[in-house]
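# Quick check, what structure comes out for this input:
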Amino acid sequence: MDISIRQATETDLPEITALFRNTIIHINSKHYNEKQIETWASGADETDLWLERIRDFYFIVAENETEIVGFSYLKKGYYLDGLFVHKDHQREGIASALLRTIESQVMVEEYPEIRSDVSKTALPFFENKYYDIIKKQKKNVKGVVFENYIVKKTL
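This next block holds a predicted model:
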């Protein structure tokens, strides 16, 4: 499948939030319980926050001929705050392509490393991309506790 990567625009918002919600519900449910999934997926409803991310962060989307199949964004120049791939397009190299683009941007901005908080679901992907676990943590989101991992990679 041919994909292209470009900067996200505000008109992408409906596709981005739908992809976010559906990926969490269908993919992350393997590692998190129903309450955690419901809470996490509800983040798709925070329209103002998503618009702010698109406007203020380095925010990219991957698309094929018909739809957005993934997205990723950087916060503070070196913090990977999100990387999601469409539930029907897992294991097609989309996350790798997005991550390469994100890591290149971190290097352009001359940061020595990239960091992220990653889910249990995403951890094997990041370990395969040479990210080191700094620590396992418990995060409170809207009163619900999630286990995830702080990871980093020296660039």
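
# in the protein, which ranges drop under the pLDDT threshold?
Filtered on pLDDT under 70, the chain yields the residue ranges 1.

# Please enumerate the helices of it.
Taking DSSP state H to define them, one finds helices in the chain at 13-26, 34-41, 47-56, 94-108, 123-128.

# Which of these sits closest to Arg6?
Nearest of the helices of the chain to Arg6, taken as C-beta to C-beta: helix 94-108 at 9.8 Å. Quick note: C-beta positions are derived from backbone N, CA and C, even for glycine.

# Please put the alpha-carbon coordinates of the closest one into PDB.
Taking C-alpha atoms only, helix 94-108 is exported to PDB below (Å, rounded to 0.1, in the frame of the first residue of the first chain):
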ATOM      1  CA  ILE A  94       2.700   2.800   8.800                       C
ATOM      2  CA  ALA A  95       3.800   3.200  12.400                       C
ATOM      3  CA  SER A  96       7.500   2.700  11.300                       C
ATOM      4  CA  ALA A  97       7.100   5.400   8.600                       C
ATOM      5  CA  LEU A  98       5.500   7.800  11.000                       C
ATOM      6  CA  LEU A  99       8.100   7.200  13.700                       C
ATOM      7  CA  ARG A 100      11.000   7.700  11.200                       C
ATOM      8  CA  THR A 101       9.500  11.100  10.200                       C
ATOM      9  CA  ILE A 102       9.000  12.100  13.800                       C
ATOM     10  CA  GLU A 103      12.600  11.000  14.800                       C
ATOM     11  CA  SER A 104      13.900  13.000  11.800                       C
ATOM     12  CA  GLN A 105      12.100  16.100  13.100                       C
ATOM     13  CA  VAL A 106      13.500  15.700  16.600                       C
ATOM     14  CA  MET A 107      17.000  15.600  15.000                       C
ATOM     15  CA  VAL A 108      16.300  18.600  12.800                       C
END
